[in-house]
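*Asks:* quick check, what structure comes out for this input:
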Amino acid sequence: EVRTASGTLTGGAQNAILFSWHNPELQDIYITKVVVTITTADADAANIDIGIADDATYTNGGTEFFNDLAGETIAVDDSWVVGDGGAQTKWVLCQDNASATDGWVTAKILDADGSSIVGSYYIEYVGK
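*Replies:* Below you'll find the model as predicted:
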């Protein structure tokens with residue numbers, strides 16, 4: 001069964017969290033895709049990394065989905081599209097909601113202030 005989750009982006013200063021999503025399931029899941037829609041871009045050339053993390057603050061965060069997603073561009077960005085900054089090459093394991101590690105998908109603003117960023121995120125996943 002394919003499920004989706006979505007939410008809004010919260011712009012912020014450099015190193016702020018753009019969004020965090022915790023696996024709500026009692027089982028491990030595979031993240032099949034992450035889509036980010038930026039409807040208001042930021043002029044400061046902020047880049048965004050999105051990956052699996054241990055918590056909402058990006059502890060041990062990775063770049064499984066996006067590595068340097070351009071925060072200064074209004075666009076719909078897909079984690080499978082390299083031209084979008086997408087870095088996903090396979091389904092990514094996300095631990096169940098009781099695990100202390102790797103249970104979050106977290107986005108962190110890098111390189112510059114991203115306070116003006118507005119948009120949404122969409123996560124598609126399946127049970128393991």
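*Asks:* quick one: low-confidence residue ranges for this protein.
*Replies:* Low-confidence segments of the chain, defined by pLDDT under 70, are absent; every residue clears the threshold.
*Asks:* tell me how far the lengthiest strand in it lies from the chain's centre.
*Replies:* Within the chain, and with DSSP state E defining each element, the longest strand by residue count is strand 29-40. On the basis of Cα atoms, centre = their mean, to the nearest Å, the separation between the geometric centre of strand 29-40 and that of its chain is 6 Å.
*Asks:* in that strand, what's buried?
*Replies:* For strand 29-40, burial by neighbour count (16 or more other Cβ atoms under 10 Å) applies to 29, 31-38. Using the backbone N, CA and C atoms, a C-beta is placed for each residue, glycine as well.
*Asks:* next secondary structure after it?
*Replies:* Sequence order places strand 47-53 as the next helix or strand after strand 29-40, per DSSP states H and E.
*Asks:* quick one: strands adjacent to that following strand?
*Replies:* Strand 47-53 has these partner strands in its sheet, going by DSSP bridges: strand 66-70 (antiparallel), strand 104-110 (antiparallel).
*Asks:* which outside residues touch that strand?
*Replies:* With contacts defined as Cβ atoms under 8 Å, 6 or more residues apart in numbering, strand 47-53 is touched by 18, 20, 31, 34, 36, 59-71, 79, 85, 92-94, 102, 104-112, 114.
*Asks:* buried subset of the residues you listed, written for ChimeraX?
*Replies:* Buried residues among the contacts of strand 47-53 (16+ other Cβ under 10 Å), as a ChimeraX selection:
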select :18,20,31,34,36,61,62,63,64,65,66,67,69,70,71,79,85,92,94,102,104,105,106,107,108,109,110,112,114
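*Asks:* pretty sure G83 sits in a strand.
*Replies:* No. Assessed by DSSP: H, G, I helix; E, B strand; the rest coil, G83 does not belong to a strand; its assignment is helix.
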